[in-house]
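Student: please work out how this folds:
(one chain, ligands or ions: 3)
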Amino acid sequence: MSHIQSHQEKIFLGIFLPLIIILYLVYKFPTLFVPLEQVRETFYFLGKSTSFWYATVYTGIVCFFSLKVLIQNINPYRISNTKPIALSTYQRAKFLSIFLSQLCLFYIIPFIIPAFQEGRSFFNDPYHAVNKDAYIYIYNGFTSIGGLIYIFFVVPILTWFVGKRYCSWFCACGNLAEAVGATKWGQQWVRNYTPRSQMAKKLEWLQFVILMFVVAYGFLLFLDLWQIFAATSLITAMYKVQIFAIDFMFGAIIGVGAYPLLGTRIWCRYGCPLAQLMKLFGKFSLSQARIQANSDCKGIGACSKVCPMGIDVKSFAFQNKQAREGIYGLSQTPCISCGSCISACPIQALTFKTLLSQRKSS
Ligand code: SF4
Ligand code: SF4
Ligand code: SF4
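Tutor: Residues are numbered from 1 along each chain as shown. Ligands and ions are numbered 1, 2, ... in the order given. Reported below is the predicted structural model:
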């Protein structure tokens, strides 16, 4: 905790985690507090559901901070105490995508439009149980045609072209991580608390275990759906593990609540099964989305310090006291193409390579 800068930050840390636990408990498990028939009258403020208010606050935070970055137009990843420089074109496009995807795909379309389509009063949401599957949606690939096409065709093709840019440009979880990660405190959390040891790197296998769990769960649901094999008690047990251990404890409490303690991408690095699937797709398809270091690298290491995924970028760019023109991508790292390392390098020693950019330049 030696890096904690200010009194305000200490106060914030003292209330943040308990608040996150209470909010997620009320949001995901309201029947722990009141009987089912009283959930609506107890927790639906102004006639709007808890999902609506959760999405409103979440979208407000993401849109406020991403818009702030766009308006200020100052590169948030530069080495501190250096002259402010403008956002790169890539970062401008990334934060615009974060702002628009969060506002339209994750707020207006699911939470504003349906009330008008259903022709009811806007402030009169009917009761809906909260979907607790947010972090585990790979099993949709086994239970619906749309899910199957998305997970096993769209995602691999996208990964081949642009790597895991999905994680830093579109995903709702990634939107929060990127927007908060660009603030002053968020940058400190990423730089000072993201686990970067060898052990932390080895622990990334945990994400593979979660992927295997999710695939097994999805496959069982598939067999059950088509009445090939009934495993009701096993499915129920796995569902409980999923909603409590994976979705609530890991995805929500640690994934969001531990931002100030472990950086902004703990869930994305160790938990999210979709990220692991993308990494595997990228590895086996030899995805052309990579980052390349040129011969200008001086080994300053600013790139490694800002990486929210704990990747030692410098080790690809500089070895034995000299630049090595290294290249790295999904075959070696869980890179999400956020571009922080590129924006942090004061001498432009790093550049993106994607299939699209290669085609353009050839
Ligand atoms: S790792 Fe998973 S949760 Fe994180 S941004 Fe990517 S898809 Fe979203
Ligand atoms: S790529 Fe840039 S920031 Fe990274 S070690 Fe080289 S010079 Fe330093
Ligand atoms: S290596 Fe660079 S682009 Fe990849 S996740 Fe780390 S900071 Fe982002």
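Student: give the closest residue to residue 31 in space, chain neighbours not counted.
Tutor: residue 39 (6.6 Å; CB to CB, 6 or more residues apart in numbering). C-beta coordinates here come from the backbone N, C-alpha and C atoms, glycine included.
Student: ligand 3 versus the one you found, what's the distance?
Tutor: 40 Å (CB to the nearest ligand atom, to the nearest Å).
Student: in what helix or strand does that residue lie?
Tutor: helix 39-43 (DSSP states H and E).
Student: ditto for residue 292
Tutor: Taking DSSP H and E as the definition, residue 292 sits inside strand 290-293.
Student: how about the following helix or strand past that strand: buried residues?
Tutor: The element immediately downstream of strand 290-293 (helix or strand, assigned by DSSP H and E) is helix 302-306. Under the neighbour-count criterion of 16 or more other CB atoms under 10 Å, helix 302-306 has 302-306 buried.
Student: ok, and of those, which contact ligand 3?
Tutor: Checking the buried residues of helix 302-306 against ligand 3 by CB under 6 Å from any ligand atom, the ones in range are residue 306.
Student: tabulate the buried residues of helix 302-306 in TSV, adding columns for pLDDT and distance to residue 126.
Tutor: Formatted as TSV, the buried residues of helix 302-306 follow (pLDDT from 0 to 100; distance: CB to CB, whole Å):
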residue	pLDDT	distance to residue 126
302	94	52
303	96	50
304	96	50
305	96	49
306	97	45
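Student: any chance of JSON lines for the buried residues of helix 302-306, columns distance to ligand 2?
Tutor: Putting the buried residues of helix 302-306 into JSON lines (distance: CB to the nearest ligand atom, whole Å) gives the following:
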{"residue": "302", "distance to ligand 2": "4"}
{"residue": "303", "distance to ligand 2": "3"}
{"residue": "304", "distance to ligand 2": "7"}
{"residue": "305", "distance to ligand 2": "8"}
{"residue": "306", "distance to ligand 2": "9"}
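Student: residues in the stretch 101-250 of the chain within reach of ligand 3, list them.
Tutor: Close to ligand 3, as judged by CB under 6 Å from any ligand atom, the stretch 101-250 of the chain has no residues.
Student: domain ranges for the chain?
Tutor: Following the assignment in automatic domain parsing, the chain carries domains at 7-281, 289-361.
Student: circling back: turn the buried residues of helix 302-306 into JSON lines, including distance to residue 350.
Tutor: What follows is the buried residues of helix 302-306, written out as JSON lines (distance: CB to CB, whole Å):
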{"residue": "302", "distance to residue 350": "10"}
{"residue": "303", "distance to residue 350": "6"}
{"residue": "304", "distance to residue 350": "11"}
{"residue": "305", "distance to residue 350": "13"}
{"residue": "306", "distance to residue 350": "11"}
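Student: so which of the buried residues of helix 302-306 comes closest to residue 128?
Tutor: residue 306 (39.8 Å; CB to CB).
Student: check which residues of the strand holding residue 292 are buried.
Tutor: 290-293.
Student: what residues does the stretch 201-350 of the chain have near ligand 1?
Tutor: Residues of the stretch 201-350 of the chain lying near ligand 1 (CB under 6 Å from any ligand atom): 267-268, 272, 274-275.
Student: go again using 8 Å as the cut-off
Tutor: Selection of the stretch 201-350 of the chain residues close to ligand 1 by CB under 8 Å from any ligand atom yields 251, 255, 265, 267-269, 271-275, 278, 336.
Student: how about JSON lines for those, with distance to residue 8 added?
Tutor: Putting these into JSON lines (distance: CB to CB, whole Å) gives the following:
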{"residue": "251", "distance to residue 8": "28"}
{"residue": "255", "distance to residue 8": "24"}
{"residue": "265", "distance to residue 8": "24"}
{"residue": "267", "distance to residue 8": "26"}
{"residue": "268", "distance to residue 8": "27"}
{"residue": "269", "distance to residue 8": "28"}
{"residue": "271", "distance to residue 8": "30"}
{"residue": "272", "distance to residue 8": "31"}
{"residue": "273", "distance to residue 8": "36"}
{"residue": "274", "distance to residue 8": "35"}
{"residue": "275", "distance to residue 8": "33"}
{"residue": "278", "distance to residue 8": "37"}
{"residue": "336", "distance to residue 8": "30"}
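Student: the closest residue to ligand 3 within the stretch 101-250 of the chain and residue 274, how far apart?
Tutor: Across the stretch 101-250 of the chain, no residue is closer to ligand 3 than residue 168, which sits at 7.0 Å (CB to the nearest ligand atom). With distances taken as CB to CB, to the nearest Å, residue 168 is found 14 Å from residue 274.
Student: between these two, who's got more neighbours?
Tutor: Counted by other CB atoms under 10 Å, residue 168 and residue 274 do not tie: residue 168 has more neighbours, with 26 against 23.
Student: the more buried one contacts residue 338, doesn't it?
Tutor: Yes: here residue 168 reaches residue 338: they are 3.9 Å apart, a contact under CB atoms under 8 Å.
Student: separation between the closest residue to residue 25 other than its chain neighbours and ligand 3?
Tutor: Distances taken as CB to CB, 6+ apart place residue 32 nearest to residue 25, at 6.3 Å, with adjacent residues excluded. Per CB to the nearest ligand atom, residue 32 is found 37 Å from ligand 3.
Student: residue 32 - how many residues pack around it?
Tutor: 8.
Student: surely it and residue 24 touch.
Tutor: No: Residue 32 sits out of contact with residue 24 when judged by CB under 8 Å, with a separation of 11.3 Å.
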